[in-house]
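A.B. asks: sequence plus predicted model, see below.
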Amino acid sequence: MTDGGERPTRRWSAPTLWNLAWLLNLLYQPLLDSRNPLLQWAVVVGVVAVFLPIYLGATGGSERLRPLAPVLFAGLAVVALPFNAGASVLLVYAAAIVGADRSRVVAIRWFSGMSALLLLAAVVAAVRQPWELLALGPSLVLVWAIGLITAEGSARDRADRFRNAQVEHLATLSERERISRDLHDLLGQTLTGIVVRAQLAQRLARADVDAGVAEMAEVERAARAALGEVRATVSGWRHVDLDHEIGVARDALTAAGVDLTVVRDPGLTLTPSTETALGLALRESVTNVVRHARATRCAVALRRVGERVVLEVSDDGVGGELRDGNGLTGMRERIAALGGDVDRRIGGGTSLTVAIPV
């Protein structure tokens with residue numbers, strides 16, 4: 001019902017209405033058979049009067065009526081065929097609905113049953129005139145032709161819907177993985193930096209209150225920046241600036257007592273996707289240095305080697321686990337999506353090399 005209490009207007013497609021032209025098959029009998037014309041026309045009017053509400057309801061969206069429509073059409077055909085051979089066309093409508101709604105196996109069973117019914121009608125009706133055969137013959141062919149065409153189209157539609165559902169599902173999983181990786185990379189370094197700075201602020205507060213307050217202001221700034229980046233990550237519009245990441249890395253390493261050396265090829269231009277991937281790789285690497293390496297020096301090098309841009313992060317710490325954690329796994333997936341690779345070497349510290357095609 002609409003807001004005004006009116007029933008919603010039902011619309012039928014042009015092909016649905018044009019398909020009613022097949023009902024002209026009912027006119028063969030009254031136009032060409034001179035016997036009892038009044039009865040002939042009465043049968044035509046009766047068949048159309050019963051058929052139309054069922055057909056329009058079934059094709060117009062009635063979920064209760066549509067499954068019953070093939071049975072009702074077949075029953076109506078059985079009743080009308082002894083009086084009008086053209087009523088065989090009702091089975092074509094039934095075949096179209098069965099082909100659209102049922103599986104191929106079930107549909108073929110229906111088509112076979114309707115074919116048998118038409119052959120039986122031809123025998124029982126004792127076809128006497130060529131036009132009577134013309135009324136029955138095409139219907140026998142169309143039951144299979146229309147039915148199979150409709151079944152094939154319906155099968156393709158179902159396959160398309162299934163593929164679309166799969167694509168949507170995979171896209172959802174991909175987006176979840178992206179958000180998971182980005183949040184890990186984002187919050188890992190940021191929270192580590194906040195913890196380090198908070199510890200530093202506590203130490204400074206005992207000796208220099210102003211320095212402690214300044215350090216806590218940096219903690220607040222980092223927390224606010226992290227909040228903004230989380231929002232950007234969820235919305236999918238976050239772009240990582242590599243120069244900014246190098247600055248953040250320097251602050252985090254300095255707070256942790258690690259000296260940072262940066263070497264970068266001048267004039268190196270990166271695409272946004274490559275810059276974002278390298279920036280997040282740098283963030284993850286520096287986070288691991290601060291958390292686990294117990295290093296005193298860290299070196300970052302960014303250069304172009306042939307047709308690839310290479311980022312290398314190395315430290316003089318104690319090394320790390322051989323097995324990749326969630327952060328390194330996410331980094332490998334992100335870099336691999338751009339056609340690149342990640343190499344990690346442990347020994348006398350840790351060296352991480354990321355290479356991406358230009």
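C.D. replies: Yes, it's here.
A.B. asks: okay, CA-based contacts and neighbour counts for the rest of this
C.D. replies: OK.
A.B. asks: for residue 296, give me phi and psi.
C.D. replies: phi -110, psi -20 (degrees, to the nearest 10).
A.B. asks: what number of residues lie near it?
C.D. replies: 17 (other C-alpha atoms under 10 Å).
A.B. asks: quick one, what contacts it?
C.D. replies: 257-259, 315-317 (C-alpha atoms under 8 Å, 6 or more residues apart in numbering).
A.B. asks: strands - which of those residues land there?
C.D. replies: 259, 315 (DSSP state E).
A.B. asks: need the contacts of residue 296 in TSV with distance to residue 113, can you?
C.D. replies: Converted to TSV, these look like this (distance: C-alpha to C-alpha, whole Å):
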residue	distance to residue 113
257	86
258	84
259	85
315	80
316	82
317	81
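A.B. asks: any of the contacts of residue 296 buried? List them.
C.D. replies: 258, 315-317 (16 or more other C-alpha atoms under 10 Å).
A.B. asks: tell me the one among those nearest to residue 214.
C.D. replies: Nearest to residue 214 among these: residue 258, at 20.3 Å, using C-alpha to C-alpha.
A.B. asks: per-residue confidence at the nearest residue to that closest one once chain neighbours are set aside?
C.D. replies: Nearest residue to residue 258, sequence neighbours excluded (C-alpha to C-alpha, 6 or more residues apart in numbering): residue 296, at 4.5 Å. pLDDT recorded at residue 296 is 93.
A.B. asks: which SSE is immediately downstream of the lengthiest helix in the chain?
C.D. replies: With secondary structure taken from DSSP state H, the chain has its longest helix at helix 130-207. As assigned by DSSP states H and E, the chain's next helix or strand after helix 130-207 is helix 209-235.
A.B. asks: packing partners of the helix or strand just after that following helix?
C.D. replies: Counting by DSSP H and E, the next helix or strand C-terminal to helix 209-235 is helix 242-255. Helix 242-255 sits against helix 130-207, strand 259-264, helix 272-288, with contacts defined as 3 or more C-alpha pairs under 8 Å, 6 or more residues apart in numbering; DSSP states H and E.
A.B. asks: can you give the strand pairings for the second one, parallel or anti for each?
C.D. replies: Which is strand 259-264. Applying DSSP bridges to the sheet, strand 259-264 is found paired with strand 297-305 (parallel).
A.B. asks: ok, residues contacting the strand it pairs with?
C.D. replies: Here strand 297-305 makes contact (C-alpha under 8 Å, 6+ apart) with 258-265, 268, 289, 309-317.
A.B. asks: show me which positions of that strand end up buried.
C.D. replies: 297-298, 300, 302-304.
A.B. asks: quick check, nearest of these to residue 43?
C.D. replies: The closest of the buried residues of strand 297-305, once distances to residue 43 are taken by C-alpha to C-alpha, is residue 304, at 86.4 Å.
A.B. asks: what's the domain layout of this protein?
C.D. replies: 14-167, 257-358 (automatic domain parsing).
A.B. asks: for residue 219, find the nearest of the ones you listed.
C.D. replies: domain 257-358 (16.2 Å).
A.B. asks: coming back round to it: looking at the buried residues of strand 297-305, which is nearest residue 45?
C.D. replies: For the buried residues of strand 297-305, the nearest to residue 45 is residue 304 (84.0 Å; C-alpha to C-alpha).
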